[in-house]
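Quick one, what's the 3D model for this:
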Amino acid sequence: MTAAPTVVVPLTAEHADAVVAIYRAGIDEGDATFETTAPTWAEFDAARLSEHRFAAVDETGRVLGWVAASRVSDRCAYAGVVEHSVYVHPDARGRGVASALLKALVDSTEAAGIWTIQSGIFPENAASLAVHERAGFRVIGTRERIGRHHGRWRDTVLVERRSPHID
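As a prediction, this is how the structure comes out:
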């Protein structure tokens, strides 16, 4: 991929094939998710909040990455808490794509009154931890041996961004 300008747009079904392919690439690398297979577009679409998902595209419309949020709970006490994922095509990394996507997510969640955005990141995924820190996320702690992945226990680092506008 060439270093074309990046634009962040609402993520829609038009981006489905690229989103699933980028997700699959992250799965295949081994340090992005506990998932071992990419969801179908229907599964992806049903599990994520339509108002809090974005695609980064270049000037040709090629999807460079995506970010999406899901509810953490249906309980009313957690109405302002979402969990998110952000993925960037391997060829588009190091170009600020994840930062642009996280900014769009923060802007949309702030406008909607969301007070916490969280994610679990494998500690080996130093690039993701760094981009989240730059975007205002803080490390809450390490969840040790939280799940098995390819036959071995894995830790995750819980990160969150709290809205500065909560009382």
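
can you map out the helices along this protein?
Taking DSSP state H as the criterion, the chain contains helices spanning 16-29, 41-47, 97-111, 126-134.

and of those helices, who's closest to Gly65?
Closest approach to Gly65 among the helices of the chain is made by helix 97-111 (4.5 Å; Cβ to Cβ). From N, CA and C alone the C-beta is placed, and that goes for glycine too.

Are there helices or strands packed against the closest one, and which ones?
Under the contact criterion of 3 or more Cβ pairs under 8 Å, 6 or more residues apart in numbering; DSSP states H and E, the helices and strands touching helix 97-111 comprise strand 7-10, strand 53-57, strand 63-71, strand 81-88, strand 116-121, helix 126-134.

Low-confidence stretches in this protein?
Segments of the chain classed as low confidence (criterion: pLDDT under 70) are 1-4, 167.

Between the helices of the chain, which one is closest to Tyr87.
When the helices of the chain are compared by Cβ to Cβ, helix 16-29 sits nearest Tyr87, at 4.9 Å.

Pick the most deeply packed of the helices of the chain.
Among the helices of the chain, helix 97-111 has the highest mean neighbour count (mean count of other Cβ atoms under 10 Å), at a mean of 20.

Take the helices of the chain and lay them out in a markdown table including distance to Pro5.
A markdown table is the format used below for these (distance: least, Cβ to Cβ, whole Å):
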| stretch | distance to Pro5 |
| --- | --- |
| helix 16-29 | 17 |
| helix 41-47 | 26 |
| helix 97-111 | 10 |
| helix 126-134 | 19 |
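
Kindly reformat the helices and strands packed on helix 97-111 as JSON lines containing distance to Asp31.
What follows is the helices and strands packed on helix 97-111, written out as JSON lines (distance: least, Cβ to Cβ, whole Å):
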{"stretch": "strand 7-10", "distance to Asp31": "24"}
{"stretch": "strand 53-57", "distance to Asp31": "21"}
{"stretch": "strand 63-71", "distance to Asp31": "16"}
{"stretch": "strand 81-88", "distance to Asp31": "12"}
{"stretch": "strand 116-121", "distance to Asp31": "9"}
{"stretch": "helix 126-134", "distance to Asp31": "8"}
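
and Arg143, which of those is closest to it?
The minimum distance between Arg143 and the helices and strands packed on helix 97-111 falls on strand 116-121, with 6.6 Å, by Cβ to Cβ.

Report the strands that pair with the closest one, each with its relative direction.
Its sheet considered, strand 116-121 pairs with strand 81-88 (parallel), strand 152-162 (antiparallel) by DSSP bridges.

Fine by me, we can end here.
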